[in-house]
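> Whatever this is, show me its structure:
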Amino acid sequence: MTSNAVEGTPLASSVVMTELILPSHTNALDSVFGGTVMSWIDIAAAISAGKHCHENVVTASIDALNFLSPVYAGWVMEIKARVNFVSRTSMEVGVKVEAFEPRLRKRVQTATAYLTFVAIDQSGKPTEVPPLHLETEDDKRRNDKAKKRREHRLKQKEELRR
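Numbering: from 1, shown residues only. Now for the predicted structure:
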């Protein structure tokens, strides 16, 4: 748990994962593969969701994944994740990806994403998630926006089933 964080709050679910972009992570343009970044986003978000619910979690959806700028070999990437919203058995985790070019001391936001995770019990069934305790105005703002995204996801899911 993050220091000074109250259990069950978005801050307590916070994760910062740091990766050095190596040549093995890059494409022919010397920029990081999007799929590699997607994998790191999924890992950081899963850790965040697991920190909140203290259960195993599975990715239910990834939506609104936006790549904003390229990242090159030698840069350092930070993947920041935290729980924005919880439902009965699922959680939305917001992820912000920033990269730092060490020589130029340049920091850029490179990607954002929202992922939904379902908590899974020992028998492999969805299990209830503890409530999310909102402490700050930013927590409340993120939670309100996450509720709207959830409504949109549920509507899309229903349309796909038709």
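> mind listing the strands in this protein by residue range?
Using DSSP state E, the strands of the chain run over residues 15-20, 56-67, 76-86, 90-101, 106-120.
> pLDDT on the first one, on average?
Averaged across strand 15-20, the pLDDT comes to 98.
> now do stretch 104-112
Mean predicted confidence for stretch 104-112 is 92.
> returning to that earlier point: and Phe33, which of the strands of the chain is closest to it?
Comparing the strands of the chain by their distance to Phe33 (Cβ to Cβ), the top pick is strand 56-67, with 10.9 Å. To be clear about C-beta, it is placed using only N, CA and C from the backbone, and glycine gets the same treatment.
> For the strands of the chain, give me TSV that also has mean neighbour count.
Converted to TSV, those look like this (neighbours: other Cβ atoms under 10 Å):
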stretch	mean neighbour count
strand 15-20	16
strand 56-67	15
strand 76-86	23
strand 90-101	22
strand 106-120	20
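> among those, which is nearest Gly8?
Gly8 lies closest to strand 76-86 among these, at 9.3 Å (Cβ to Cβ).
> ok, the closest one: who's next to it in the sheet?
When sheet partners are counted by DSSP bridges, strand 76-86 sits next to strand 15-20 (antiparallel), strand 90-101 (antiparallel).
> Any chance of JSON lines for the strands of the chain, columns distance to Gly8?
Output for the strands of the chain, formatted as JSON lines (distance: least, Cβ to Cβ, whole Å):
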{"stretch": "strand 15-20", "distance to Gly8": "16"}
{"stretch": "strand 56-67", "distance to Gly8": "16"}
{"stretch": "strand 76-86", "distance to Gly8": "9"}
{"stretch": "strand 90-101", "distance to Gly8": "12"}
{"stretch": "strand 106-120", "distance to Gly8": "14"}
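> Using a markdown table, please lay out the strands paired with strand 76-86 together with distance to Asp42.
Below are the strands paired with strand 76-86 laid out as a markdown table (distance: least, Cβ to Cβ, whole Å):
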| stretch | distance to Asp42 |
| --- | --- |
| strand 15-20 | 11 |
| strand 90-101 | 9 |
